[in-house]
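**Q** coords please:
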Amino acid sequence: MSTTCRYEFQCKLFGFYDCKSHDFYVSQWTTNKLLFLVYRCLFFFYSLAWIIADVIVNPQPQYWIFLTNWSEVTVCFYFGLSCLLAVYGYFSNKADLDKEKGANWACGVVWILFDVSFSVSLVTNVLYWSLLRVGSVDLINAFNIHSHAIT
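**A** Here you go, the predicted model:
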């Protein structure tokens with residue numbers, strides 16, 4: 001146990017060098033790159049469509065003061081960059097991917113965006129359902145359900 005902890009907490013392992021870029025290009029459940037690419041693109045366009053629809057249907061000048069909208073945008077950025085990584089992984093040949101040592105900068109950005117976006121999304125959902133939603137029947141609409149229950 002102590003050797004495992006000693007190995008994991010070395011300074012040289014801090015960062016993204018120890019992980020493989022290949023882990024960001026293919027799914028852990030299947031090696032089919034096309035299926036993974038379709039999955040990534042589907043989720044990106046789904047989140048982008050909800051943001052566009054929300055801006056069109058609710059054209060509020062104070063749109064950007066809500067933490068929920070910022071969390072939706074960060075989740076969309078994450079899905080967009082992960083979709084671009086999946087496209088890169090799909091069209092790159094195996095020799096190029098095997099040459100890469102550690103994760104490239106894009107993988108690091110996607111990893112950080114994942115951590116930030118889903119943490120913020122969890123906090124906004126908990127705050128909404130525990131503080132704001134109590135007794136407010138007029139707030140029930142498709143955008144609130146999507147923003148606070150699905151994402």
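**Q** Next, count neighbours for residue 76.
**A** 22 (other Cβ atoms under 10 Å). For the C-beta atoms, the positions are set from N, CA and C on the backbone; glycine is no exception.
**Q** separation between it and residue 42?
**A** According to Cβ to Cβ, to the nearest Å, residue 76 stands 13 Å off from residue 42.
**Q** Check residue 73 too.
**A** Distance from residue 73 to residue 42, counting by Cβ to Cβ: 19 Å.
**Q** neighbour count winner among the two?
**A** When neighbours are counted by other Cβ under 10 Å, residue 73 and residue 42 differ, and residue 73 comes out ahead with 16 against 12.
**Q** Now that one. Nearest residue, chain neighbours left out?
**A** Closest residue to residue 73 apart from its sequence neighbours, by Cβ to Cβ, 6 or more residues apart in numbering: residue 51 at 6.5 Å.
**Q** Give the residue spans of this protein that score low on pLDDT.
**A** 1-2, 12-19, 21-22, 94-103, 133-139 (pLDDT under 70).
**Q** burial of residue 44, as a residue count?
**A** 21.
**Q** do the same with the one 3 residues further on
**A** Residue 47 is flanked by 21 other residues according to other Cβ under 10 Å.
**Q** what residues are up against it?
**A** Applying Cβ atoms under 8 Å, 6 or more residues apart in numbering to residue 47 gives the contacts 72, 75, 76, 79, 151.
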